[in-house]
Structures are given as C-alpha cells and as structure tokens.
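Visitor: Mind folding the following:
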Amino acid sequence: MKGYICASCGVRHTDGADDIDPATMICVPCGPAPKAPPPDMTVHTISLETQVVGLDATKAFDGLTLKERQYALALARADWEGAKICLLQTSPESTPIFCLLQLVFAPQSVAELISSARAKGLRVDEAAKAMCWIAAFYGNVGNYKSFGDTKFVPDLPPPRLELLLLSGAADPAAVHTLWNECRERMYSLPPRQRQIGLGAANGISTYFSANCEEEDATIAGRFLDSIKLSAYNTRLFKSADGVYTVRIASATVASDGDDPVGQLCRHHDFDGKTFIVQRGDYAPLMTRVVAALKDAIPHVADDVQLRMVEKLIMAFDLGSIEEHMNASRIWVTDKGPAVESYIGFIESYRDPSGVRGEWEGFVACVNREVSKKFGVLVDGAEALLQLFPWPKVFEKDTFLRPDFTSLDVLAFGSSGVPAGINIPNYDAIRQSEGFKNVSLGNVLAASYGAGDKPITFVQKDDQAVFKACKSDAFEVQVGIHELLGHGSGKLIHQGTADAAALVDSKTLHPLTKVPITGPFYPVGTSWDSTFGKIASTYEECRAECSGLFLCLEQEVLDIFGHPTQPDAVGGISDIVYVNWLLMVRAGLTGLEFYTPQTKGWRQAHMQARYVILRVLLEAGGGLISLKQMTGADGEPDVEVCLDRCKVSTVGHTAIGAFLLALQTHKSLGDYAAGSTMYNQHAAVPEDMLNLRKIVMARKEPRKLMVQPHLAADADNTVALHVFDQSFVGMVESFAARFPGEDPELLALYHAEKTAVCD
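Guide: The predicted model follows:
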C-alpha cells in the first residue's frame, strides 16, 4: 500500500515498495524492531457499537414566534460558519477531509451513494465502517476526538474507502485531488500524530506552527501579557529564523488601524526575540460570521440584544477581545431571553498551553418550566456560598446574581457539546459584573440515559439505583458545578485593596497558618495566564468538588425536587450516593484519557475526576476501595466500592479540605503551590497504570450527537429539520448544513499547510 506514514518510524512511503501491516500501521522494515510501540487501534478507531443520539428541540422551537425563529436562524448560521474554524484548530488534515466529504455527499443522498458503492463491490461491513468514521469526523468537527484529543482513523483500508468516495455523482477529478491531499495523514499514526499536544515529543496542535515547543508558548505568553493582548483568539507561528507571528482571528485583514488591536499590529522586540502581531486569521470565515450577525439585527428582541450583537460584530471584525468582553457585559444583563446565545473563542481545553480559545457558538430556546428550579437555586445561592470551607476573604464581596436557565439547544457549532456552561470566562467580568449559567436540558436527556446494559465498574447491588438516579444526580451536580462551583471565589491581584488588607491584617494562611504575604496575581494577568495549561482542569476539579460538597445539603436537593429520604441508608439519599458514585467511577474511567508514553492527560474534566478519586482514596477510613476481580467473561475486572455510610463523614471532610486548598491557591494566585499539589494528585502510579489496562479493555465508545438544522423555507418561514439518530443521519445533517464546495476554506488550509504539518 503506498501513500502512508509508518506509525513507528514516521517515514513517509510513497513508492509502494514497502508494505504495511494494516493492523499496526507499521512498515515491514520496522516490523521486527519498531522504534515506537504500535498504536492501540481500539483507541484510534471508532467502534461500530457507537451510539448516535439526537438533540430534540422540537417542542421548544414550536413555542417561538417567527421573529424569534429568524433571530435564531441568523445566529445558528454564525455559529456553524465559525465552527469551520475548529477544523483549522484541530489538525492540518481536518480541513481537506471536510472538503472531500462535503464534495462527495452533496450531489446525492447517502443511501444512493452507498447503493452505488455496493454495486461496485463494497461490502456491507465496509460501508458501515466508512459511515461510522465519517459520522465521527463530523461529530467531532475534525479527526481528533473532542473528548480525549486522540486521533481516529478509518477502520478499513484506503482503497476501500476510496471506492465509496468515488461511487457518487461528484466530479471524480475533484474527488481524486482532495483524496490525494488528505489520504496520507488521514491514516497516519506515528507517535506525534496520535494525540493533540505541543512539541515534537508530545503531539500536534495547529494553535501553533509545527516547530513550536513549550518554551515558545511560554515566551509568547509573557510577550502577550507585556502588551496586554489576550491569547484567546490567537495562534502562534514561528519562522525558520525564529521570528514569531501572533495571528489574531478577525474579518479585517489589514494589520494597520487606529483601533487598539490595529495599533499593536506591528513588529515588537521582546526578550531578545522578534514578534509580529498580525490580524486576519480565518478572515473569510470571520467575515461570514459577521455577515450572519448583521442579518440577526432586524430580529433582535430589544435594545439589549441589539447592543450585544453590534459589539460582537465589532469584536469579530477587528479581532478585539476587549469588544467581545463588552458584548459579554451586555449579554449578562439580558435576563431570560426566549432565544439564548453565546459565541466566540471560548474554552481553552484543547490548547496544550491552556490559554487559546476554541471556536464555540450556540443558540437555544429557554425551557421555562425546568428553569424555575434553577431560579430557586440562585435565590438560595448567597446562603449556600457560606457553607464552603474557605474564609470570607476568598469569596466575592457581593454575590452577583446570575441568570440560570435550562436550554434546549437548536445549534451548537463546535467540536463538542457540553451539558452545562458557566460564562463568560473573563475574570474581570465574572468577578465584578456577573455571569450566566446554562444547563443544556436536551443534551442531558440525550447523553445521560442509563440504557439496558450493565454499567461497567459498578457493583451488582448498585446497578439498579445507579440507573434509576443517574440522570437526576447528574442534573444536581451540573447545577451546583456551574452556579456555585464556577460562580464562586475571588481572585486577589497585586496592588489592590484586597491584597493590602490581607497583608496589613496579618491574616493567617488557611493551610500554612502563617501570615499571608502573597504571591497574588501580577497586574494584567488572569487565572488562565497565571495557571496556564493546568488552569482548565484545576478549575473543573474545583467545580466538581463543589458539587460533591454541597449535594449533601438537603436544601439543595429540595430545590431539585428530591425530598428527604427517611429510610436512606447511611443517612444520605439515593441521589447523593449515586452522585458520589458517578464521580468516583468517572475518576476510574478517566484513566482512558491518560497517555503513559507522554505522562500527559488529554481531557481536563476526566483528569479532574481522577484527581478527586485519588483524594478520596487517600482519605482512607474505608470510604472507597477498587476491588480487582475476574469478570463474568473471564477477563480482569474492577468494581468501585463506595461505603455509603462514610460519605457524609470521611468523604465530606476530605472533599472540604481539598476544596479549601484549591480555593486558597486560586485566590492567592499561588501557581507554585497550587500546581505542585494538583500534579501530585494527578500522577498515575504503577497500581493505577495496572487498573488502566482493565479500563482500556472495557472502555465504551462515547455517543455521537446529531443536531437539528435551522433553515429558511420558501415562504420566509423558518423550519427545524431533524435527522435520523444514526451514522447516516449525522452525515445528512452536515450535507444539509453546508454546501458541497468551499474554496475559501480550502485556500486557508493551503496557505498554512507548510507551517502546521510536522
């Protein structure tokens, strides 16, 4: 087979002289003594058993007026046009793969294409494997898993996939061109390309040019802080002679201008290095986002939405995070809109250095009935915040009452869809102006059903209660996690009255018991820039601990409609027990997202849950044990054993102490102490590596989620189109959403191909 990269030596083979073992993707010369372990193909392929679920928003959409639907339609188009940026943020090959698939599926139905391929000799199982991979690619908006950051390749030989792609009505020459452009990297699995990471030893990341290492990200971070430019909407490229270019996402291409961003677009000398600040990254896509937002203006509900959309247009046109912050300031004042939305470069989970945001945009309908109980939770938030274990000096002076709603998603343009969100992520706004919490109700309903199969790693006696309470327990956890977890705590900066008060009063450090002297956050820095690549997982851990800690309060359970359970074993309700059991099990299954070769974690939330598992194991007292055994299938297995009677004592004490430590280091900006503590718990010793082998052998595929599609009908009405919950339905949704060809997108790929390919 020619046109592949050996998964061991990384050598490109083009002449077909050397064969390859399709099971390992290793060339014949490397076979006897490979330079690197072969890839685990259970990790790097998508199982045919992967379940596909659909987001049901029909009832919520039916309740919208025509004006609201038109507003949602324009916003959805902005979300999804921007989502193509995720392709360019994921891997070099994601963009040409996307263009190839769109070209192939545009001219005819999926059923017609498969029928034609079957007539040319494609087997049923081959068609199924092809559609499985294609659906996963669309569902992740790229060929790396959005949850776990590992590459996945087609589970059928290239000639068989090529047969399918050439069986339709698309121009064969155009299909061949794109196939030859992406085929090699579509299948390649050398060590560096197996996961997202920064640097030759860790992985690939198109937030950076391929020649960047961690030290490049570090000096760039210090440079950006020095000129007070946020990294959220940037990428970093380094030339062969060591000159750095900071590329800012914007519709505007011209680097000069009188606006604040334009004034920074020039050459800078910093610490012996040359930096060029340049805007216009993703310019054609950002232009489409701006155009869609302009189309939303005639349909806004009020002046608040108008001002918000106008600020978003300025932000994306100029590449200004400051204007995006201004839009966010207006957005947090838009309480309870019928159509909720947020858009931009938001979460930094996929940037290996933890400061650059992935594109994300959503539009959703408010579920007012479910939102009522979240409103009650907000009503009680001030009292509940006082139950946290940290001193008042580490809590905001005034609780900024947020909007907390349950939403049914109409469109979520990004690589993945979360169950809940607390935004905006800007510290300056969250700390002093406010934020919003959203629980994505139709995502919860689609993703967290129990199913009929036994739950892995859960004891037989716990199976029934786990399945019965899983969804309700997770709703409680998400509610606390978003509102009281992410919504709590104060950041203390150098030179502020808060810092001076702590030092002058000789307030004792809660952990060391000596007077606090700092270090505090340097002026101009943020949580993300200070805690860097551990910021996301550290904060998710703090929020998850908040959920465990406060779910033990009956007043919280009452809000969610779970009254006192008089006969509760161990004095805690089934909801609380299952919530804790969910977390402990997630900590165990989180080992799937640890890479032993690089000793790195690939998913912020799962690392956080593993850290919590380690904390609870270290608490001792018989609270938790991981019982290794032989499963019913004769293979090694493990069961999570959680002593229900000790959750409210040993468990509560352990989580409280850990929460205090997490918040103390966060409030004081003490990266040295905070990272040392967190990384100690995140370490994976030999006994956990042994458990990881069992987890990997029994891991289950993550669900794919088919979203509906908003479209304007001929009579100027707006319709919500839904698709079958299947691999085919996923493909059909993207064929409906985007045209068959996008020359501008492909041109962006070609312009940066040389820089981002390793």
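Visitor: For the closest residue to Gln628 other than its chain neighbours, report the pLDDT, please.
Guide: Leaving out its chain neighbours, the residue that sits closest to Gln628 by CB to CB, 6 or more residues apart in numbering is Val638, at 5.2 Å. The way it works is simple: take the backbone N, C-alpha and C, and place the C-beta from them, glycine included. Confidence at Val638, expressed as pLDDT, is 98.
Visitor: For the remainder of this discussion, apply numbering that starts at 38.
Guide: Right, with 38 as the first residue, what we last looked at is Val675.
Visitor: A strand includes Val675, no?
Guide: Yes. Using DSSP: H, G, I helix; E, B strand; the rest coil, the assignment for Val675 is a strand.
Visitor: Please name the residues that touch it.
Guide: 494, 625, 663-666, 728, 731-732 (CB atoms under 8 Å, 6 or more residues apart in numbering).
Visitor: Tell me how far it lies from Val732.
Guide: Look at Val675 and Val732: by CB to CB, to the nearest Å, they are 8 Å apart.
Visitor: cool, Gln145 as well?
Guide: In this view, Gln145 and Val732 are 42 Å apart by CB to CB.
Visitor: Tell me which of these two has more neighbours.
Guide: Val732 (19 against 16; other CB atoms under 10 Å).
Visitor: got a list of what the residue nearest to Cys794 when sequence neighbours are not counted touches?
Guide: Take Cys794 and drop its neighbours on the chain: the residue closest to it by CB to CB, 6+ apart is Pro129, 4.8 Å away. Listed by CB under 8 Å, 6+ apart, the contact set of Pro129 reads 222, 241, 243, 786, 790, 793-794.
Visitor: rerun that using 10 Å as the cut-off
Guide: For Pro129, the contacting residues are 219, 222, 230, 241, 243, 247, 786, 789-795, by CB atoms under 10 Å, 6 or more residues apart in numbering.
Visitor: for Val346, same thing?
Guide: Val346 touches 108, 111-112, 115, 330-334, 336-337, 364, 367-368, 378, 380, counting by CB under 10 Å, 6+ apart.
Visitor: If we use 7 Å, what do you get?
Guide: The contact partners of Val346, by CB atoms under 7 Å, 6 or more residues apart in numbering, come to 330, 333-334, 337.
Visitor: what's the following helix or strand after the helix or strand hosting Val298?
Guide: Element membership for Val298 (DSSP states H and E) is helix 297-301. The helix or strand immediately downstream of helix 297-301 is strand 304-307, counting by DSSP H and E.
Visitor: Report pLDDT for Pro74.
Guide: 85.
Visitor: let me fix that: Asp440
Guide: pLDDT at Asp440 comes out at 87.
Visitor: could you give me the average pLDDT of the longest helix along the chain?
Guide: Identified as the longest helix of the chain according to DSSP state H is helix 103-127. The average pLDDT for helix 103-127 rounds to 98.
Visitor: which strands and helices sit next to the next helix or strand after it?
Guide: As assigned by DSSP H and E, the chain's next helix or strand after helix 103-127 is helix 131-142. Contact here means 3 or more CB pairs under 7 Å, 6 or more residues apart in numbering; DSSP states H and E; on that basis helix 131-142 packs against helix 103-127, helix 161-177, helix 209-224, helix 780-793.
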